[in-house]
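Q: With the input below, show me the fold.
(one chain, ligands or ions: 2)
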Amino acid sequence: MPEGSTQAAEDQTPVVQLDNIHKSFGRLEVLKGVSLTAHEGDVTALIGASGSGKSTLLRCTNLLEIPNSGRILIGNEEIRLKPASGGTMAVADQKQLQRIRSRLGMVFQSFNLWAHRTVLENVIEAPVHVLGENKAEAIEHAGELLNKVGLYAKKDTYPAFLSGGQQQRAAIARALAIRPKVMLFDEPTSALDPELVGEVLRVIRDLAAEGRTMIVVTHEMAFARDVANHVMYLYNGNVEEEGAPSKVFGNPNSERCRQFVTPRQ
Ligand code: ADP
Ligand code: MG
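A: Numbers count the residues shown, from 1 in each chain. Ligands and ions are numbered 1, 2, ... in the order given. Next up, the predicted model:
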């Protein structure tokens, strides 16, 4: 390696690596060869118009959708896929799937909390019942996480009695409870009343400041610009523009990207 090279970071194993992902639903090709690499501490923002494939890319990352082709690596482990009917693929090893999923925390647009469980019960569910953690330890960890998202006082409350912003913060605590290597957010503030968006973005900002690796689909351009260190603009199933926020927002090559990121009055 040449002297003075900054190759060290490049040589680290990425936390997430998606390589040439293709995904079709029937005859509709939604992802047309998308690649994404995220290293430890990277905050990647996925932006683009509705229907461009952002959610599908995120869902392929945790195998909620199985790509038709391409490679997915989480840490140094590549997901093994096998051919299934009609040119689709399936996960080859369910144990591996569970192991990989336990490294990924996912937060959706709709909060998806268990309605008949308190906030605390929601947060300890996966650690205790899926990962087999000791319950007392899971409760202690959940308390720390609820503190972090500013919801400790609501730990014994049922979701129906929380605002949308509080529910989403509880959902973030729940996703963190499995101690994921990566957090995946799919438009975490889109379902919220405008006055509740800030409290959720603040929590995500704090996680970024802690150095957490995150991939965030968002329509909040100011947030993406501030918090992400890498921005990918998807258009029609392809990465049309990507790079540092200053580049993608300030001086994109793609005219379509420029139009997309330019605030409309
Ligand atoms: P985005 O999140 O950028 O809005 P999506 O990834 O949700 O885009 O969707 C991309 C395209 O794929 C859309 O045309 C959508 O209708 C289609 N699509 C997404 N999921 C499915 C599915 N399960 N079955 C069929 N079509 C789907
Ligand atoms: Mg979407």
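Q: which parts of the stretch 1-150 of the chain sit against ligand 1?
A: 25, 28, 30, 48, 50-56 (Cβ under 6 Å from any ligand atom). Bear in mind the C-beta positions are built from the backbone N, C-alpha and C, glycine included.
Q: Including pLDDT, distance to I79 and neighbour count, could these go into JSON lines?
A: Below are those laid out as JSON lines (pLDDT from 0 to 100; distance: Cβ to Cβ, whole Å; neighbours: other Cβ atoms under 10 Å):
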{"residue": "F25", "pLDDT": "95", "distance to I79": "20", "neighbour count": "11"}
{"residue": "L28", "pLDDT": "96", "distance to I79": "23", "neighbour count": "8"}
{"residue": "V30", "pLDDT": "98", "distance to I79": "19", "neighbour count": "21"}
{"residue": "G48", "pLDDT": "98", "distance to I79": "24", "neighbour count": "24"}
{"residue": "S50", "pLDDT": "97", "distance to I79": "28", "neighbour count": "8"}
{"residue": "G51", "pLDDT": "97", "distance to I79": "26", "neighbour count": "12"}
{"residue": "S52", "pLDDT": "98", "distance to I79": "24", "neighbour count": "22"}
{"residue": "G53", "pLDDT": "98", "distance to I79": "19", "neighbour count": "24"}
{"residue": "K54", "pLDDT": "98", "distance to I79": "20", "neighbour count": "25"}
{"residue": "S55", "pLDDT": "98", "distance to I79": "19", "neighbour count": "19"}
{"residue": "T56", "pLDDT": "98", "distance to I79": "16", "neighbour count": "22"}
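Q: Secondary structure and distance to Y158 added to those, as TSV?
A: Listed next are those as TSV, based on DSSP: H, G, I helix; E, B strand; the rest coil; distance: Cβ to Cβ, whole Å:
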residue	secondary structure	distance to Y158
F25	strand	36
L28	strand	39
V30	strand	37
G48	coil	36
S50	coil	32
G51	coil	35
S52	coil	36
G53	coil	36
K54	helix	32
S55	helix	28
T56	helix	33
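Q: just the strands in this structure please.
A: 16-25, 28-38, 43-47, 69-74, 77-78, 81-83, 89-91, 104-107, 182-186, 213-217, 230-235, 238-243 (DSSP state E).
Q: Reformat these as CSV; add distance to A175.
A: Compiled in CSV, these are given as follows (distance: least, Cβ to Cβ, whole Å):
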stretch, distance to A175
strand 16-25, 15
strand 28-38, 16
strand 43-47, 15
strand 69-74, 15
strand 77-78, 20
strand 81-83, 25
strand 89-91, 21
strand 104-107, 3
strand 182-186, 6
strand 213-217, 11
strand 230-235, 21
strand 238-243, 25
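Q: of those strands, which approaches W114 most closely?
A: With Cβ to Cβ as the measure, strand 104-107 is the member of those nearest W114 (15.0 Å).
Q: so L176 touches F185, yeah?
A: No - using Cβ atoms under 8 Å, L176 is not in contact with F185; the gap is 11.7 Å.
Q: Check what pLDDT R264 gets.
A: pLDDT recorded at R264 is 77.
Q: and what of S85?
A: Here the pLDDT value assigned to S85 is 87.
Q: State the distance from it to ligand 1.
A: As judged by Cβ to the nearest ligand atom, to the nearest Å, S85 and ligand 1 stand 16 Å apart.
Q: ok, S50 - contacts?
A: Shown in contact with S50 (Cβ atoms under 8 Å, 6 or more residues apart in numbering): no residues.
Q: that older thread, out of L176 and F185, which sits in the more crowded spot?
A: Using other Cβ atoms under 10 Å, the more surrounded residue of L176 and F185 is F185, with 26 against 23.
Q: I figured the more buried one hits T218, correct?
A: Yes - using Cβ under 8 Å, F185 is in contact with T218, at 7.3 Å.
Q: who's in contact with the residue most central in space within the chain?
A: Computing the C-alpha centroid of the chain and ranking residues by Cα atoms, centre = their mean puts L184 first, at 1.2 Å. Residues in contact with L184 (Cβ under 8 Å, 6+ apart) are 58, 61-62, 104-107, 214-216.
Q: Same question for A177.
A: By Cβ under 8 Å, 6+ apart, the contact set of A177 is 123-124, 126-127, 138, 141-142, 145.
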